[in-house]
Structure formats: structure tokens, C-alpha cells
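Visitor: Quick one, fold the following:
(2 chains)
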There are 2 protein chains.
Amino acid sequence: MSVIDRLTGELSRLPGVGQKTALRLVHHLLKGSREDTMRLSRSLVELAERIRPCRACGNFSEDELCEICANPKRDRSVLCVVEEAYEVGAIERTGQFRGIFHVLGGRLSPLDGVGPEELNVASLLRRIADAQGEVREVIVATNASVEGEATAVYLEGQIRALGPRVTRLARGIPVGSDLEYVDGSTIAQALAGRREM
Amino acid sequence: MSVIDRLTGELSRLPGVGQKTALRLVHHLLKGSREDTMRLSRSLVELAERIRPCRACGNFSEDELCEICANPKRDRSVLCVVEEAYEVGAIERTGQFRGIFHVLGGRLSPLDGVGPEELNVASLLRRIADAQGEVREVIVATNASVEGEATAVYLEGQIRALGPRVTRLARGIPVGSDLEYVDGSTIAQALAGRREM
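Guide: Predicted coordinates:
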């Protein structure tokens, strides 16, 4: 197998990258400078060698504790539970959350054989218990899918038994959208969750 | 800058990959096995270190001569001129061409400062002259764009002076398309180039 075919094959395994796109990327690299390609290669090695799950929350980290868990200024009384580590970034970018996170590593999906044991549920509950009342609120920020909701309902019972309030993200009309294009169940949830002006 | 940010930045420089796609690719790699990421990295190094232009035709090659130029079974009487090395593959995949190639490395574009000196034109003419009449036909397979056509017209005069026939790819209705959706100038060229059934 040629060098070009091998790299094309590797790239086409990435999500959203088909055979043609992969070939286009290879040709782009070949037209560019050798140094650019080497730099990309080195960044990949760094990623593979240096990123690991944070010991406390499961987020991506270059150290034993991620930047958020290691930051003494974060509010340890509010813990936000997300399905995947990359969702931490989505919430962090809002700049509106000063608490800490816990990454489940997926969601409950009995049909796919994913039960609580396959997720970081035990570590979540242990973390809350070990904090001895310091965690006063847990925001269950699982996705608004059927499985995400089921995971939230499951977690709610487990967490509440340990003491903290359990909340979840508001459902409603996305900012900037026309009612006309919003699906009915979202409108229904927005109606049910309506607030005083 | 963090390892994740650095790789995201590198990936977002690729064509068709924005910041969000780059981040999604990074997360895909982080969820996958470390070995997959290392393999991708190694393939990039191989590409940077082992691929170079063929000494004869300018095509991508792992050796001094590309596979096509080094193949004694190829018909050296027909030479196909393309703009970019990746276009060689497009023609090769048809399985209908047994001749050899020459890669220009671009097309004439005076506005961008690309004249004949910036392209592999001198090496093309020298190659035809050195073959002492062995090259009997040159297919100018530049793109069907304004600049591609201008490049073809320029090359035609230069090549014909050396002896070979100069041909170009037929213009016409793409296979499988509805006339209704084909643009007028293509239909006009297809009419002008109509053939006996």
C-alpha cells in the first residue's frame, strides 16, 4: 500500500471524512509545506501521549487533575454532570458557570448494554458523599434525548438520596429561532416552563 | 496553549475543516484508541518524508521516478498534461489511458502572477524535444475553466511547434445528467462536438 493510500485510509476513518475528502486533505498537505505536515503529526502525538482523564471528574486533562478541578476559585458547591468530556467546553464557553463538572462518559442505554456500571456513576456518587455536604446542587446536564432524559431521571434518585438539590437545564425555545421552525415538543416544554416577565 | 487547542488549530487549517469540525475530530481521536492516533501521526510523517515530485513528470512519487514513468508498459507516444498531480489519479482511475503524464503544477493566471515560468512548461517542452519524435500526441487535459482554457491555448502553440498532435478532452454533457440541469455553454459545446451514432 502506498504512503498516500495509507494516509487517505487513516483520514477517511475520521467522522465526516469520506474517501474523497480524505484524498483532498492529503493533496492539500502535499501542496503545503513539509513542516506543516510534521507539525500536525507532532500535535497528534502530543494528544495521544499527554491527554488523559482527570482523576476527579473524567474531563480531558494534561495533568492528574484537570484545570477546572485544580482551580481553587471554582465553586465546589455546584456540580454539573455531562455525558461527554467535550460537553464541558460547551458550558465553559458560556462563561456563566463557576462550578465544577463530572463526566459520565456516556448515557444509560440498556439496548446497547450501557448500564450505570459502564458510566462514571459510582465515582460521581462517591465524590458527592466524600464532600460531606459541600456539594449543595447537582445540575444534570445530560442531553435532551430520550436516553439523556432517562439517565437524568436515574441519577436524580441516586443523588437526591445523598442530600444535594438536583436540577436540570431549562428546556425551551433556542435563542434566535422562529417559533414557526421549533418542534412541537420543545414549544410544549417552553410553555410548561414559562416565566414571569 | 493546551495540547487540545494546538491540535484543533492545526486541523482547522485544513480545507473544509472549521473550528467546530476540528474540535469534533479531536474529540473523536480522544475517544478512540491511542494507537489509532499514533498511526495517523506516523502516516503524516511518512507523507512528509517520503513523497516528492517525480523527476520526469512532476507527479507525486515515493521514488525518483513515479510508478507511471517507471512502468515500461506505458505508451510513451501519448502524453497527457494536467494542472495538478492529484488529477493524474482521476484519469488513472478510468483505466482508459495507457500513456504517460506531465504535471504543470497549476495554470496560467497572469492576475495571480502565474506565467509559464511558474509552471512546469519548460520541462514539458524539453521532455517532448528530448524524446525525438517518440511523443506523437499530447492531450492537454487542463480544467474547463477560463484559466485552464487559456493555458491549453498557450501550450498548444508551443507543443505543436515541436511536432506532436495536440488534442484536448471532449466537452459535453456529463454522463447521467439531465439536459434540463446542464448549463447552456456546455450544451453549446456538446452540440458543436456532436458525433455520428
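Visitor: what's whichever helix in chain A runs longest in contact with?
Guide: Using DSSP state H to define each element, chain A has its longest helix at helix A:34-50. Contacts with helix A:34-50, where a contact means C-beta atoms under 8 Å, 6 or more residues apart in numbering or on different chains, come from A:29, A:62, B:3-4, B:6-7, B:10-11, B:13, B:26, B:29-30, B:34, B:37-38, B:40-42, B:44-45, B:47-49. (C-beta placed from N, C-alpha, C; glycine too.)
Visitor: and the worst-scoring helix or strand of chain A on mean pLDDT, C-alpha only, in PDB?
Guide: Ranked by mean pLDDT, DSSP states H and E, the weakest helix or strand in chain A is helix A:184-192, scoring a mean of 85. Extracted in PDB, the C-alpha atoms of helix A:184-192 (Å, rounded to 0.1, in the frame of the first residue of the first chain):
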ATOM      1  CA  GLY A 184     -43.900  20.900  19.000                       C
ATOM      2  CA  SER A 185     -42.500  19.200  22.000                       C
ATOM      3  CA  THR A 186     -40.000  22.000  22.500                       C
ATOM      4  CA  ILE A 187     -42.800  24.500  22.400                       C
ATOM      5  CA  ALA A 188     -44.800  22.400  24.800                       C
ATOM      6  CA  GLN A 189     -41.800  22.400  27.200                       C
ATOM      7  CA  ALA A 190     -41.300  26.100  26.800                       C
ATOM      8  CA  LEU A 191     -45.000  26.700  27.600                       C
ATOM      9  CA  ALA A 192     -44.800  24.500  30.700                       C
END
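Visitor: and it, which residues are buried?
Guide: A:Thr186, A:Ala190 (16 or more other C-beta atoms under 10 Å in any protein chain shown).
Visitor: now stretch A:103-117
Guide: Those would be A:Val103, A:Leu104, A:Gly105, A:Gly106, A:Arg107, A:Leu108, A:Ser109, A:Val114, A:Pro116, for stretch A:103-117 by 16+ other C-beta under 10 Å.
Visitor: so the second one touches A:Ala85, yeah?
Guide: The reference is to A:Leu104. No: taking contacts as C-beta atoms under 8 Å, A:Leu104 lies outside contact range of A:Ala85: 9.7 Å.
Visitor: Need the overlap of contacts for these two.
Guide: In contact with both A:Leu104 and A:Ala85: A:Gly58, using C-beta under 8 Å, 6+ apart.
Visitor: Pull the residues that contact the least confident helix or strand of chain A.
Guide: A:Arg171, A:Gly172, A:Ile173, A:Leu179, A:Val182.
Visitor: Run a quick neighbour tally on the first one.
Guide: Pointing back at A:Arg171 there. 14 (other C-beta atoms under 10 Å in any protein chain shown).
Visitor: Check which helix or strand it maps to.
Guide: Of the helices and strands defined by DSSP states H and E, none includes A:Arg171.
Visitor: How confident is the prediction for it, by pLDDT?
Guide: On pLDDT, A:Arg171 comes in at 85.
Visitor: Just give the closest residue to it, not the sequence neighbours.
Guide: A:Gln189 (3.8 Å; C-beta to C-beta, 6 or more residues apart in numbering or on different chains).
Visitor: before we move on, back to that, now the least confident helix or strand of chain A, how far from the centre of its chain.
Guide: 25 Å (C-alpha atoms, centre = their mean, to the nearest Å).
Visitor: Over to stretch A:30-41?
Guide: 31 Å.
Visitor: where along chain A do the strands fall?
Guide: If DSSP state E is used as the criterion, the strands of chain A fall at A:52-53, A:60-61, A:78-82, A:100-103, A:137-140, A:165-168.
Visitor: So for chain B, which of those strands sits nearest?
Guide: Nearest of these to chain B, taken as C-beta to the nearest C-beta: strand A:60-61 at 6.0 Å.
Visitor: on that earlier part again, can you list the buried residues of stretch A:103-117 in CSV and add pLDDT and distance to chain B?
Guide: Converted to CSV, the buried residues of stretch A:103-117 look like this (pLDDT from 0 to 100; distance: C-beta to the nearest C-beta, whole Å):
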residue, pLDDT, distance to chain B
A:Val103, 96, 12
A:Leu104, 96, 13
A:Gly105, 92, 9
A:Gly106, 93, 10
A:Arg107, 93, 14
A:Leu108, 95, 18
A:Ser109, 94, 16
A:Val114, 94, 14
A:Pro116, 94, 20
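Visitor: Identify the farthest-apart pair in these.
Guide: A:Val103 and A:Ser109 (16.4 Å; C-beta to C-beta).
Visitor: Select from the contacts of helix A:184-192 the one having the most neighbours.
Guide: A:Gly172 (16 neighbours).
Visitor: how about it, what does it touch?
Guide: A:Thr186, A:Gln189, A:Ala190, A:Gly193.
Visitor: now, which of those sits nearest B:Ser145?
Guide: A:Thr186 (45.9 Å).
Visitor: before we move on, the earlier item: how about the buried residues of stretch A:103-117 in a markdown table, adding distance to B:Gly95?
Guide: Below are the buried residues of stretch A:103-117 laid out as a markdown table (distance: C-beta to C-beta, whole Å):
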| residue | distance to B:Gly95 |
| --- | --- |
| A:Val103 | 50 |
| A:Leu104 | 51 |
| A:Gly105 | 48 |
| A:Gly106 | 46 |
| A:Arg107 | 48 |
| A:Leu108 | 51 |
| A:Ser109 | 46 |
| A:Val114 | 47 |
| A:Pro116 | 55 |
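Visitor: hang on, the earlier thing: in the longest helix of chain A, what counts as buried?
Guide: Buried-residue list, helix A:34-50, by 16+ other C-beta under 10 Å: A:36-48.
Visitor: could you dump these to a markdown table with distance to B:Ala129 and pLDDT?
Guide: Below are the buried residues of helix A:34-50 laid out as a markdown table (distance: C-beta to C-beta, whole Å; pLDDT from 0 to 100):
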| residue | distance to B:Ala129 | pLDDT |
| --- | --- | --- |
| A:Asp36 | 37 | 94 |
| A:Thr37 | 36 | 95 |
| A:Met38 | 38 | 96 |
| A:Arg39 | 41 | 95 |
| A:Leu40 | 41 | 96 |
| A:Ser41 | 41 | 96 |
| A:Arg42 | 45 | 95 |
| A:Ser43 | 46 | 96 |
| A:Leu44 | 46 | 96 |
| A:Val45 | 48 | 96 |
| A:Glu46 | 51 | 94 |
| A:Leu47 | 51 | 94 |
| A:Ala48 | 52 | 94 |
